[in-house]
Structure formats: C-alpha cells, structure tokens
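Q: Build me a model:
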Amino acid sequence: MFTFAYPARLTVGRDGRVLVEFVDLPRVATDGKDRREAFEEAMDALGSDLSIRLSRREEIPVPSRAKRGHRMVPVPLWLAPKLALYVAMRDQKVNNSELARRLGVHERVVRRMMDPQHATKAEKIQAALAVLGKQMTVEMRDAA
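A: All right, here's what the predicted structure looks like:
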C-alpha cells in the first residue's frame, strides 16, 4: 500500500512565520504567515515537486511514517491518481506501450494519463490501475 501523504516538520521562526520542511523530500520547503497558510503552501510545494518528478520520470519517494511532531501533508487530489498509476507501472515494469496494449488504446492516451498538466478523467486512471491489479481509494479523516 502506498499512502499519498508525506510527513513534514512545522517550526515557527523568530519572525512568527511557520516553516514547513518535508522529511522525505529534503529539497522541498516552504512557509506561511500562520499554520493554515503554511499547510496550504506545503500542499502546493509538494504537488509541484512530485509533478516535476513525474514529468521527468524520476523515482517517487515512498513516504515514511510520521514521527512525533510531524504533520502529514496530502498529495493534491489532481496529482495523486497519476502518481498511483506511475508507481504501479514502475513497480511492475510496465511501460506506456504495454499498458496501452492491455487497455486497448493508443499509447498517446497513456502518455496523457501520465502528464501532470493533462486533465485525465478519474475513470480512465481507475481502469488503468485495474489492469495492473491495483485499486485506488480515497480516505477522509479528521484534520490534525
């Protein structure tokens, strides 16, 4: 199971701004005037970093468990399904052409599914995950 949320440290600076640093993504950090703004900025920064990794076909780090004092920052909903498909394809060593063959579509359809800038319908990604033996679920929980 792959959870699409990453642990982050939130610290308050001398100026009162809240700094957010991701445990598993050392090159990603942001801040905000308060905790709410910092958390919103953290989701945006996380989405930007992971979409760049996806575009470049880089490794997507597996999120570690949150430790005491950490807060889990979810991957934005526009990106999480695409990452799920990408991770499943990499784990099974399935390329775009092979997935397209299994789905009975042209390879460019799969390429669009993997493009962070393309608005892919959730049903298409669900179908692609299904042919890989995967299923994506959405969870709702109380905010920390």
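
Q: list the contacts for residue 16?
A: Taking C-beta atoms under 8 Å, 6 or more residues apart in numbering, we find residue 16 in contact with residue 33. Heads up, the C-betas are built off the backbone N, CA and C, glycines and all.

Q: pretty sure it belongs to a helix, no?
A: No - the assignment for residue 16 (DSSP: H, G, I helix; E, B strand; the rest coil) gives coil, which keeps it out of a helix.

Q: most residues in a single helix of the protein, which one?
A: Across the chain, the helix with the greatest residue count (assigned by DSSP state H) is helix 35-55.

Q: then whichever helix or strand comes after that one to PDB, C-alphas only?
A: Counting by DSSP states H and E, the element after helix 35-55 in chain order, helix or strand, is strand 70-74. The C-alpha atoms that make up strand 70-74 are tabulated as PDB, following Å, rounded to 0.1, in the frame of the first residue of the first chain:
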ATOM      1  CA  HIS A  70       5.400  15.800  12.200                       C
ATOM      2  CA  ARG A  71       2.200  16.500  10.300                       C
ATOM      3  CA  MET A  72       1.200  14.500   7.200                       C
ATOM      4  CA  VAL A  73       0.700  16.700   4.100                       C
ATOM      5  CA  PRO A  74      -1.500  15.000   1.500                       C
END
